[in-house]
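Asks: predicted model and sequence below, questions to follow.
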Amino acid sequence: MHVLCVPSAFAAFPPEIILYIFHLAAASSTQACLSLCLVASWTRALALPHLLRTVTLDTPQRLLLFAHLISPSPSPSSSPFPSSSPSSTYTAPVRPPYPKFRHAHLVRAIHIHQSASPRRPALLASLLTACPHLTHLALPAHLLATLIGHTSRATHNWRPRDVRLTVIPGSLDFFWMGRAVGVVEDAGMGEGKDGEDGGKGGLSPLCKAVTHLCLGSTSATPRLLRAFPRLTHLALPLPPSSSSSSHAPFKVDPRTPLALAAGAPNVQYVAILLSPAQARALGREGVERWVRASRRVDRRVYTLVFPPQAIGEDWERVGGSEAMTMFIVDPVRCLCCLCCSSDAKPRAETHRPALGIIRSFVIS
């Protein structure tokens, strides 16, 4: 019998097993997803949810192209293609536009780099509005302030569901965080408003939707946390000054995460991000004393060893930064060892319920 006529052993597998294998292959890498898209129409349909789950936009051109791709009715002025006649208002583009994109509902996470800031706030808002199932959003602080200001208008129809927001650290975070707070309070969400709409347009839909917030810098204030009335989970880095000694006086420094969390009574879990350098400076015994002291004051506090640069760098690789936003861990059942190196793998350890030390690792 000719070798081409021999039945493949792969065909003897049940269809459920075959689909499961292809799902694992699609989830393994972007290149595997692209390869599966070229095999057949059914493998393309299987791979697209994995391929489009997380979209990373690192340049203004890519952000503009993606916004034009998923926009239901892109305006001529927003077209990323050059016009054939510069003197005319709008003519047919030199090359045809993309076909209508019908897969925006597959996008679950969007990561916008510092260098990909759009010129018009409406472009960013329209991009997010076109993704109805968006649950993870990572963007720098200046885009957060711009987006909150633009979507606070009463005419905006963006209605996101529960959103896990990551604010990527930058050089002017303190200024932009303060501006975001000012925009929120101008919209009618000052102290004592309890999240009621008011002012010119009401609270931004983004503020109403955020349930998990991960901050890349220590420039947050209690006023900023009050801008998110549904916030239940908070992750923020430990200020460098707090790791200068093994005692780390939480109650003395008002800028520390514990004092910040105390101003947000609705928050259920607070994950303090301890960098590997801070963990090495404190030592294991110093970290344990520090965590015990903080949890005696506030039982919501947990600690993760997480490099600050990984807040932005690992976002695309982990598919929505679930290692950061999914930090609810039972300290009794799931406690892992505290590793001072960022590339160490977690190892099981004796349960210590009194401690809140949790080793962060990628949840794929």
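Replies: Perfect, thanks for sending it.
Asks: all contacts plus neighbour counts: C-alpha atoms, from now on.
Replies: Fine.
Asks: tell me the strands in the stretch 101-250 of the chain, going along the chain?
Replies: 109-112, 136-140, 163-168, 210-215, 233-237 (DSSP state E, counting those that start in this stretch).
Asks: and those strands as a markdown table, adding mean neighbour count and distance to Asp58?
Replies: Formatted as a markdown table, the strands of the stretch 101-250 of the chain follow (neighbours: other CA atoms under 10 Å; distance: least, CA to CA, whole Å):
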| stretch | mean neighbour count | distance to Asp58 |
| --- | --- | --- |
| strand 109-112 | 24 | 6 |
| strand 136-140 | 24 | 11 |
| strand 163-168 | 25 | 13 |
| strand 210-215 | 23 | 19 |
| strand 233-237 | 25 | 23 |
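Asks: could I get those as JSON lines with distance to Leu69 and mean pLDDT?
Replies: Output for the strands of the stretch 101-250 of the chain, formatted as JSON lines (distance: least, CA to CA, whole Å; pLDDT from 0 to 100):
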{"stretch": "strand 109-112", "distance to Leu69": "15", "mean pLDDT": "89"}
{"stretch": "strand 136-140", "distance to Leu69": "19", "mean pLDDT": "89"}
{"stretch": "strand 163-168", "distance to Leu69": "23", "mean pLDDT": "88"}
{"stretch": "strand 210-215", "distance to Leu69": "26", "mean pLDDT": "88"}
{"stretch": "strand 233-237", "distance to Leu69": "33", "mean pLDDT": "84"}
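Asks: would you mind putting these into JSON lines with distance to Arg179 alongside?
Replies: Output for the strands of the stretch 101-250 of the chain, formatted as JSON lines (distance: least, CA to CA, whole Å):
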{"stretch": "strand 109-112", "distance to Arg179": "19"}
{"stretch": "strand 136-140", "distance to Arg179": "13"}
{"stretch": "strand 163-168", "distance to Arg179": "14"}
{"stretch": "strand 210-215", "distance to Arg179": "16"}
{"stretch": "strand 233-237", "distance to Arg179": "19"}
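Asks: for this protein, what's the longest helix?
Replies: Using DSSP state H, we find that the single longest helix of the chain is helix 276-297.
Asks: so which bits of that one are buried?
Replies: Buried residues in helix 276-297, defined by neighbour count with 16 or more other CA atoms under 10 Å: 276-279, 281-282, 286-295.
Asks: then stretch 16-25?
Replies: The neighbour-count criterion (16+ other CA under 10 Å) identifies 22-23, 25 as the buried residues of stretch 16-25.
Asks: residue boundaries of the helices in this protein?
Replies: Under the criterion DSSP H, the chain contains helices at 15-28, 30-37, 41-51, 60-70, 121-129, 141-151, 173-186, 205-209, 222-226, 257-262, 276-297, 310-313, 322-325.
Asks: packing partners for the longest one?
Replies: Helix 276-297 is packed against strand 301-305, with contacts defined by 3 or more CA pairs under 8 Å, 6 or more residues apart in numbering; DSSP states H and E.
Asks: what pairs with the strand it packs on, parallel or antiparallel?
Replies: Strand 301-305 pairs in its sheet with strand 269-274 (parallel), strand 357-359 (parallel), by DSSP bridges.
Asks: ranking the ones you listed by mean pLDDT, which is last?
Replies: Here the lowest mean pLDDT among the strands paired with strand 301-305 goes to strand 357-359, at a mean of 32.
Asks: looking at the helices of the chain, which is nearest to Leu165?
Replies: For these, the distance to Leu165 is smallest for helix 322-325, at 8.0 Å, taking CA to CA.
Asks: so where's this structure uncertain?
Replies: The chain contains residues with pLDDT under 70 at 1-10, 72-100, 153-157, 171, 174, 187-201, 218-220, 240-257, 306-364.
Asks: the same query, at a cut-off of 50, please.
Replies: 1, 3, 74-97, 189-200, 242-255, 314-364 (pLDDT under 50).
Asks: could the buried residues of stretch 16-25 go into a markdown table alongside distance to Ala67?
Replies: Formatted as a markdown table, the buried residues of stretch 16-25 follow (distance: CA to CA, whole Å):
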| residue | distance to Ala67 |
| --- | --- |
| Phe22 | 30 |
| His23 | 28 |
| Ala25 | 28 |
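Asks: before we move on, back to that, do you know which of the helices of the chain lies nearest His111?
Replies: Nearest of the helices of the chain to His111, taken as CA to CA: helix 310-313 at 8.4 Å.
Asks: shouldn't Leu213 be in contact with His233?
Replies: Yes - using CA atoms under 8 Å, Leu213 makes contact with His233 at a distance of 6.3 Å.
Asks: a markdown table please, covering the helices of the chain and showing distance to Phe101.
Replies: Compiled in a markdown table, the helices of the chain are given as follows (distance: least, CA to CA, whole Å):
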| stretch | distance to Phe101 |
| --- | --- |
| helix 15-28 | 21 |
| helix 30-37 | 16 |
| helix 41-51 | 12 |
| helix 60-70 | 5 |
| helix 121-129 | 13 |
| helix 141-151 | 24 |
| helix 173-186 | 32 |
| helix 205-209 | 24 |
| helix 222-226 | 36 |
| helix 257-262 | 42 |
| helix 276-297 | 43 |
| helix 310-313 | 27 |
| helix 322-325 | 27 |
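Asks: for Tyr269, which of these is the nearest?
Replies: helix 257-262 (9.1 Å).
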